[in-house]
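K.L.:
Pasted the sequence and its predicted model underneath.
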Amino acid sequence: MKQKQFYLCAYFIRLRQYKEAIMINTKPMGYIPYKHNLSYKSAYNSSTLLNKLIADTVSFGSNDRHVQPSYKKNKNGHLNLSSMFRGDLDWFEFAKTLDKHFKNKDKVNIICQACSDGSEPYTLAITLLEELGEKKAKKFFPIIAKDFDSEILKGAPEGMINLTERDIRELENRGIDFNKYFEESGKTLVFKNDKLRGQKTYRVKDILKENVVFAQADILKDLETLEDDSNTVLLFRNALGYLSVEKTIQFLDMVDEKFKPDSILVLGGARRGDYVDKRLMESMNFRPICKKRMGENQIELGTFLKNK
């Protein structure tokens, strides 16, 4: 418990500094000048600091989508970054890992929380189909895609999604036939506060629509009813930083409680400021898996396996 509190403090301090750096027009409340130095000697100190961090939360939300390489915000301070085959996960290696890890399971439940417009669950569904084939991929379907924002989900019932030329290239560069999975819709899907540019509205074909099911949900309420049989894959990628400090602690506690050995949690690693340190997860008996080579280095991708 003491070790977990220590790494929670480290995570929240780094996250706070990250938020204050990108929310240029947001005046921090009660800034705590920790100067990156963590020297807490007891659980009491960590507990006291956690209470202070909870009281002084700096938060931001997300509902608009853009694919610019920088982090921008709309007039409401909302941030989002979503695209097909988003580069902070080696999707095909991830599919191979799932296939190998769950080879003795007849059914694997994949839940994609904070799914945004569907880019991520569609990417995973395509990857599983392309890498494993329909027969082997069947046990991973349907992927349950959820988001708290009803606005971003409004295209889901008809299988509608806005894609850019970049999205299309991400498929084609991997040798994937775009027309196998998408077709022109003849419609225009418009979201409030959308920052995406150069998009066109497409309709997903049945091979995707049948294998990805959407629903609106609050992740904490959803976790309360989670029934895990060591066959869960929960994706909540690059979204933990959008929760308040208090809700983040609730989320991690619930995952710690609900997950059985061999289930997988994917938190992502796209942003330098809100990635989850592996030492925090190790204090909860999770270990990192799925690294990605970047030049001569192997980087963590925020994918964790519950230990036995």
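P.N.:
It's in.

K.L.:
How is the residue positioned nearest the centre of the chain assigned, secondary-structure-wise?
P.N.:
What sits nearest the mean C-alpha location of the chain, by CA atoms, centre = their mean, is residue 237, with 1.3 Å. Assigned with DSSP: H, G, I helix; E, B strand; the rest coil, residue 237 falls in the coil class.

K.L.:
need the contact list for it.
P.N.:
86, 88-89, 114, 120, 266-268, 270, 302 (CB atoms under 8 Å, 6 or more residues apart in numbering). Placement of C-beta: from N, CA and C, glycine included.

K.L.:
Mind checking which of the residues you listed are in helices?
P.N.:
residue 120 (DSSP state H).

K.L.:
Make TSV from the contacts of residue 237 and add pLDDT and neighbour count to it.
P.N.:
Putting these into TSV (pLDDT from 0 to 100; neighbours: other CB atoms under 10 Å) gives the following:
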residue	pLDDT	neighbour count
86	86	18
88	76	16
89	84	25
114	91	24
120	94	28
266	93	24
267	89	24
268	80	23
270	55	15
302	82	27
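
K.L.:
Out of the contacts of residue 237, flag the one nearest to residue 308.
P.N.:
Using CB to CB, residue 266 comes nearest to residue 308 of the contacts of residue 237, at 19.2 Å.

K.L.:
so that closest one touches residue 232, yeah?
P.N.:
No. When contacts are counted by CB atoms under 8 Å, residue 266 is not listed as touching residue 232 (10.9 Å).

K.L.:
and of the contacts of residue 237, the nearest to residue 105?
P.N.:
Of all the contacts of residue 237, residue 266 has the smallest distance to residue 105: 17.2 Å, by CB to CB.

K.L.:
Return the set of residues that bridge with the closest one.
P.N.:
Assessed by DSSP bridges, residue 266 has beta-bridge partners residue 235, residue 303.

K.L.:
Phi and psi next, for the residue nearest to the centre of the chain.
P.N.:
phi -80, psi 130 (degrees, to the nearest 10).

K.L.:
Check residue 281 too.
P.N.:
Phi and psi for residue 281, reported as degrees, to the nearest 10, are phi -70, psi -40.

K.L.:
Spit out the contact partners of it.
P.N.:
Residue 281 is in contact with 265, 287-288, 304, counting by CB under 8 Å, 6+ apart.

K.L.:
Tell me the most packed of those residues, by neighbour count.
P.N.:
Ranked by neighbour count (other CB atoms under 10 Å), these have residue 304 at the top, with 27 neighbours.

K.L.:
residues near the residue lying closest to that residue once chain neighbours are set aside, how many?
P.N.:
Excluding its sequence neighbours, the residue lying closest to residue 304 (CB to CB, 6 or more residues apart in numbering) is residue 286, at 3.9 Å. Using other CB under 10 Å, residue 286 has 24 other residues around it.

K.L.:
which residues of this protein score low on pLDDT?
P.N.:
1-2, 17-81, 195-197, 269-274, 291-301 (pLDDT under 70).

K.L.:
That concludes my questions; thank you for your assistance.
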